[in-house]
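K.L.:
Build me a model from this:
(2 chains)
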Number of protein chains: 2
Amino acid sequence: MKLATLNDGTRDGQLVVVARDLKHAHLADGIAPTLQAALDDWAFIAPQLNQLYAQLNGGRGQRSFDFDPARCMAPLPRAFQWVDGSAYVNHVELVRKARKAEMPESFWEDPLMYQGGSDDFLGPHDDIVLAQEEWGIDFEAEVAVVTGDVPMGSTPDQALQQIRLLMLANDVSLRNLIAAELAKGFGFVQSKPATSFSPVAVTPDELGDAWLGGKIHLPLRSTWNGKLVGQPHAGADMVFNFPQLIAHLCKTRNARAGTIVGSGTVSNKDAGRGYSCIAEKRCLEMIEDGVASTPFMLFGDTIKIEMLDGAGKSVFGAIAQSVKQAEATKLR
Amino acid sequence: MKLATLNDGTRDGQLVVVARDLKHAHLADGIAPTLQAALDDWAFIAPQLNQLYAQLNGGRGQRSFDFDPARCMAPLPRAFQWVDGSAYVNHVELVRKARKAEMPESFWEDPLMYQGGSDDFLGPHDDIVLAQEEWGIDFEAEVAVVTGDVPMGSTPDQALQQIRLLMLANDVSLRNLIAAELAKGFGFVQSKPATSFSPVAVTPDELGDAWLGGKIHLPLRSTWNGKLVGQPHAGADMVFNFPQLIAHLCKTRNARAGTIVGSGTVSNKDAGRGYSCIAEKRCLEMIEDGVASTPFMLFGDTIKIEMLDGAGKSVFGAIAQSVKQAEATKLR
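P.N.:
Here you go, the predicted structure:
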């Protein structure tokens, strides 16, 4: 099934069930007020949502309405946990190569992962509002999962059973703040502003054969200022699958319902598939030409991130955002 | 006023108002079901809670009951954000000195801060359950604040106005996992298991003159296996006050209501005040003797963290935890 959260002026929005073709939706407030509430009691709530989903797809939604992604918040407008792996190690290797640094061999066996801020996510069509272009604004197109309760010490097989939903993410990064912040050794705080997510979160069964081995086997399309710049395959070159990423997270602690785990920037070894973040393009330029010529995002730039199934239909709806200067800074 | 969350079997527990002397409590379910709900609508909810608090202190709580910290969850059993600063730079300097590394001068002006997991906090009396002693289990006694909504770009003065509550924290750390994890460059995931918090969160006015300049001016007492090992002054040697830490967090994003900001391990330059984490003791031993002789925590160890006011009364109640081996690991 497909779920979304409409902006109704509250912090957590209103849960809706969305038809498979993303054309119609139906309020789910009779079942669960919010997506977090549904995840908190999934075994009881999910079958009821699924029933409504079947009715909606069968044209039997009594009070269905047109689904408008522009009215969506992130499926979880705020979450209790957001961690992001770097499962496409090719991307990590490229970044290191560009700055002439060796990548430790252990990166192929021990996942990179960071704990991200989860209190203030952006909706799929929300502006990316930031004070300064000089911070090096970049998009990062990713796939992500939402989990149920995963106890400490769970194996990847156990973690797989707790994957409830799949989404797309734009893990916005401020490239010119990253080096200095990571040098301090404590990970990202200022260099990772609010992340946005796709209009719709879907249960893994929606992907059919494209959900296999804990990976999503479809290309992820990034369109920057109207130009398709990347369509790497999310199933190819993913060195750690989602169950492995979740098990990594849970080595020393429980992960509770509503935890979001990201894949990191989707990246293929075949550079012909393009890029899912500008940093990668710049790394390739550095390696080839000795200089990075593609600039980061400017105020007014747009980014669209979408995944189409084998039949060319949008699975999650599109993340479609503009970069905008923060008002306070304009006034200064 | 003083607030706590009782374990009622739900994920977010039940909000109660606690008398100033921590002897009695009163359900606040007629006002707000949970502390997060109160923080989400603080301007409307806080005056009502305050009225109940006044009644309770005046012996006029109609249905008050004995307050038992053992029934408490963390004031926020799960939160949308938990970040932890390293405001006592003395501690950071010691750690570096022990491993013969220079501390960058910038650490005195630019706060260290990490994004922590916030989906599964421990209550003040919950066991610290972990699989292996070999991970190097350590306590970290800290002070922390809970904020309202703090917009991106807020100044420290603006951030100060959004400090809603104060608490104590035990930011449990796995010392033997930290070096390898931080070397990967993305901060803490596995080396920071679940954090616990004091039974009670209090509004800043409860501290009177001890809340000054965005710092808590009282000693923080850590008692390890029944022995008082530290009572450093939380107001002394705090290089960044809470408003500065919050402003650091908000440089590139909003912090939303219920954000918890920790101080980092409380540490004084005067080593005679003892220590708030074993790592610091071991650093002093390394510097003096060339070898760290105090071991980390073992299964069965206890840690008590408390803050007394000028009259010797407990302000927040005590964090009082035991370290326990995870069942699954025992069975192997």
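K.L.:
And what about the residue of the stretch 101-250 of chain A found nearest chain B, helix, strand or coil?
P.N.:
Among the residues of the stretch 101-250 of chain A, A:G187 lies nearest to chain B; the distance is 2.0 Å by Cβ to the nearest Cβ. (Glycine included, C-beta is placed from N, CA and C.) In three-state terms, and counting by DSSP: H, G, I helix; E, B strand; the rest coil, A:G187 is coil.
K.L.:
quick one, phi/psi of it?
P.N.:
phi 90, psi -160 (degrees, to the nearest 10).
K.L.:
same question, the one 5 residues further on
P.N.:
Per-residue torsions, A:K192: phi -120, psi 90 (degrees, to the nearest 10).
K.L.:
okay, now it: neighbour count?
P.N.:
A count of neighbours around A:K192, defined by other Cβ atoms under 10 Å in any protein chain shown, yields 25.
K.L.:
and it, how far is that from A:H248?
P.N.:
Distance of A:K192 to A:H248, computed by Cβ to Cβ, to the nearest Å: 19 Å.
K.L.:
A:G30 now?
P.N.:
Counting by Cβ to Cβ, the gap between A:G30 and A:H248 amounts to 38 Å.
K.L.:
Give me the more crowded residue out of those two.
P.N.:
The residue with more neighbours, out of A:G30 and A:H248, is A:H248; 20 against 9, by other Cβ under 10 Å.
K.L.:
in what helix or strand does the more buried one lie?
P.N.:
For A:H248, the enclosing helix or strand under DSSP states H and E is helix A:242-249.
K.L.:
Neighbouring strands - and their directions - for the helix or strand that comes right after that helix?
P.N.:
The element immediately downstream of helix A:242-249 (helix or strand, assigned by DSSP H and E) is strand A:260-262. If you go by DSSP bridges, strand A:260-262 pairs up with strand A:82-85 (parallel), strand A:141-147 (antiparallel).
K.L.:
Output those strands in TSV, with mean neighbour count, distance to B:A210 and mean pLDDT appended to each entry.
P.N.:
TSV is the format used below for the strands paired with strand A:260-262 (neighbours: other Cβ atoms under 10 Å in any protein chain shown; distance: least, Cβ to Cβ, whole Å; pLDDT from 0 to 100):
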stretch	mean neighbour count	distance to B:A210	mean pLDDT
strand A:82-85	27	35	98
strand A:141-147	26	42	98
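K.L.:
Let me see the ranges of the helices in the stretch 101-250 of chain A.
P.N.:
Counting by DSSP state H, counting those that start in this stretch, the stretch 101-250 of chain A has these helices, from start to end: A:156-160, A:175-183, A:242-249.
K.L.:
For the nearest residue to A:N241 once chain neighbours are set aside, grab the count of nearby residues.
P.N.:
For A:N241, the nearest residue in space outside its immediate sequence neighbours is A:G214; the separation is 3.4 Å by Cβ to Cβ, 6 or more residues apart in numbering or on different chains. A count of nearby residues for A:G214, using other Cβ under 10 Å, gives 20.
K.L.:
before we move on, what about A:D270?
P.N.:
Close neighbours of A:D270, defined as other Cβ under 10 Å, add up to 12.
K.L.:
before we move on, what about A:S267?
P.N.:
Residue crowding around A:S267 was assessed by other Cβ under 10 Å; the count is 34.
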